[in-house]
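**Student:** any chance you could fold what I've pasted below:
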Amino acid sequence: MTKKIVVTGLGATSPLGGTAAESWSALLAGESGATTLDYEWVERTQLPITFAAQARVRPIEVLARHETKRLDPSSQFALIAGREAWADAGEPQVEPERLAVDWATGIGGVWTLLDAWDTLRERGPRRVLPMTVPMLMPNGPGAAIGMDLHARAGITTVVSACASSTESLVNAYNRLQAGLADVVIAGGSEAAIHPLPIASFAAMQALSKRNDDPATASRPYDISRDGFVLGEGAAALVLETEEHALARGAHIYAELLGGSVTSDAYHITAPDPEGSAAARAMIETIRNAGADLADVMHINAHATSTPVGDIAEYNALRRVFGDLLEGIPVSATKASTGHLLGGAGAIEALFTVKALSERILPPTINLTEQDPAIPLDVVAAPRPLGAGNVLAISNSFGFGGHNAVVAFRSV
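**Tutor:** Numbers count the residues shown, from 1 in each chain. As a prediction, this is how the structure comes out:
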């Protein structure tokens, strides 16, 4: 028998705020998290892109000193978001053997890895920290949460580029359906605002070049979009069976209806322009939810603000919904947060849950002239959501041709 899986806790640290509530409030206010990078390494390395969407609250302001010393920034963000989500869920009393973590990252501990390499070259092997490998491991963020909350039902890490944390939500749903846990903390984190990733993304012409105006650089669907804005942070969702949540009197934000994961097998960085596999992920998600296409009332799109990516996603959406697409409001929240890579799907799932629970759709900022080739109903200002049960989907697509989609329903 299919179980109902519900969301009972939310946590985030993002370019818009240090908590889930702060991030959501800033999103509704139309704020941008993109700012000029004020570090000496920007000029020293002669980076062509001098801005990014940094986490608004630095981990050193939240965590104990020993935690920041022993964790890569990607794990620091994860721990902050995970703790907030756990507290928001009421710190569920659950046996450790029934508590699991499904986490994600796109790159992992890049700061630790590259700092250690600099130390090795400049100061020799004896000065390399003994915690370097545990800090740089991609599973480090999930392990940090799992150890903090004593999760012993399994800690799994997904590394599927920008689809990673949406895939972690799919895995968490499946784990709960299989009866392998009663509660799962799922989400993702990323901390890749470092000279090397910036230089690499810039070399492939993926980043916006609006150094003179970072706040307007991420502009999904706009005719003048020229690339994404690199972001950082983390988001976490506490998921559990409805039976378990009701038994402990938990507040329920929304129902997770499941999701789907597919792959393009097309190109290592470019999406399939036809969007066939991305479309299949959406179709399977809606079918697995026991819903019809006409039931979808909101889409949080992947919408990175790249010329090619936004068109490819539109093609996939049109392939799925046909003429129904014209009546579905679409939000592209990377316009405000930038692109959190492996953490993007988690923060966007959190925003989707907040939209359903608070009955208001978040805006897409910086849309001054919509590309006529993408005639979507883009939410340009906060828009009230109708009453009744509402179904929404959140899309994530990543390098390597990874596609992941999840569906939520209001309660």
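
**Student:** what's the pLDDT at the residue nearest in space to the middle of the chain?
**Tutor:** Among the residues of the chain, A344 comes closest to the average C-alpha position under C-alpha atoms, centre = their mean, at 2.2 Å. You'll see A344 listed with a pLDDT of 98.

**Student:** can you tell me the element it falls in?
**Tutor:** Under the criterion of DSSP states H and E, A344 resides in helix 344-358.

**Student:** repeat that for T112.
**Tutor:** helix 110-123.

**Student:** just checking, what packs against that helix?
**Tutor:** Helices and strands touching helix 110-123, by 3 or more C-beta pairs under 8 Å, 6 or more residues apart in numbering; DSSP states H and E, are helix 73-88, helix 132-136, helix 195-203. Every C-beta, even on glycine, is put in place using the N, C-alpha and C of the backbone.

**Student:** any buried residues in that helix, and which?
**Tutor:** 110-113, 115-116, 119 (16 or more other C-beta atoms under 10 Å).

**Student:** export these to CSV and append columns for pLDDT.
**Tutor:** CSV is the format used below for the buried residues of helix 110-123 (pLDDT from 0 to 100):
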residue, pLDDT
V110, 98
W111, 98
T112, 98
L113, 98
D115, 97
A116, 97
T119, 97
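
**Student:** and for T132, the neighbour number?
**Tutor:** 18 (other C-beta atoms under 10 Å).

**Student:** any weak-confidence spans in the stretch 201-350 of the chain?
**Tutor:** Within the stretch 201-350 of the chain, no stretch falls below the threshold (pLDDT under 70).

**Student:** 90 - rerun?
**Tutor:** Along the stretch 201-350 of the chain, segments meeting pLDDT under 90 span 273-274.

**Student:** and the strands in it?
**Tutor:** 233-241, 254-263, 296-300, 329-331 (DSSP state E, counting those that start in this stretch).

**Student:** buried ones in stretch 365-375, by neighbour count?
**Tutor:** 365-367, 370-371, 374.

**Student:** and for stretch 263-274?
**Tutor:** In stretch 263-274, counting by 16+ other C-beta under 10 Å, buried: 263-264, 271-272.

**Student:** can you list the residues you listed in TSV and add distance to F321?
**Tutor:** Converted to TSV, these look like this (distance: C-beta to C-beta, whole Å):
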residue	distance to F321
S263	21
D264	20
P271	18
D272	18
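
**Student:** circling back to that earlier point, highest average neighbour count across the strands of the stretch 201-350 of the chain?
**Tutor:** strand 233-241 (a mean of 32; mean count of other C-beta atoms under 10 Å).

**Student:** okay, now the sheet partners of that one, with direction.
**Tutor:** Counting by DSSP bridges, the strands paired with strand 233-241 are strand 5-13 (antiparallel), strand 183-190 (antiparallel).

**Student:** pipe those into JSON lines and attach mean neighbour count per row.
**Tutor:** Converted to JSON lines, the strands paired with strand 233-241 look like this (neighbours: other C-beta atoms under 10 Å):
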{"stretch": "strand 5-13", "mean neighbour count": "27"}
{"stretch": "strand 183-190", "mean neighbour count": "35"}
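
**Student:** looking at these, which is closest to T337?
**Tutor:** Comparing the strands paired with strand 233-241 against T337 with C-beta to C-beta, the closest turns out to be strand 5-13 (9.8 Å).

**Student:** average pLDDT across stretch 371-380?
**Tutor:** Averaged over stretch 371-380, pLDDT sits at 98.

**Student:** same thing with stretch 391-410?
**Tutor:** 98.

**Student:** make 860 the starting number, not 1.
**Tutor:** With the count now opening at 860, the last piece we talked about shows up as stretch 1250-1269.

**Student:** and it, how far from the chain's centre?
**Tutor:** 10 Å (C-alpha atoms, centre = their mean, to the nearest Å).

**Student:** one step back: quick one: the strands paired with strand 1092-1100 as JSON lines, columns for mean pLDDT and distance to G1197 too.
**Tutor:** What follows is the strands paired with strand 1092-1100, written out as JSON lines (pLDDT from 0 to 100; distance: least, C-beta to C-beta, whole Å):
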{"stretch": "strand 864-872", "mean pLDDT": "99", "distance to G1197": "14"}
{"stretch": "strand 1042-1049", "mean pLDDT": "98", "distance to G1197": "10"}
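
**Student:** for A1214, find the nearest of these.
**Tutor:** A1214 sits nearest to strand 864-872 of all the strands paired with strand 1092-1100, at 12.2 Å, using C-beta to C-beta.

**Student:** alpha carbons only: can I get the closest one in CSV?
**Tutor:** What follows is strand 864-872, C-alpha atoms only, in CSV (Å, rounded to 0.1, in the frame of the first residue of the first chain):
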residue,chain,number,x,y,z
ILE,A,864,4.9,11.1,2.7
VAL,A,865,4.8,14.6,4.3
VAL,A,866,7.1,17.5,4.9
THR,A,867,7.3,18.5,8.5
GLY,A,868,10.5,20.6,8.8
LEU,A,869,12.3,23.2,6.7
GLY,A,870,15.8,24.6,7.0
ALA,A,871,18.0,26.8,4.8
THR,A,872,20.9,29.1,4.6
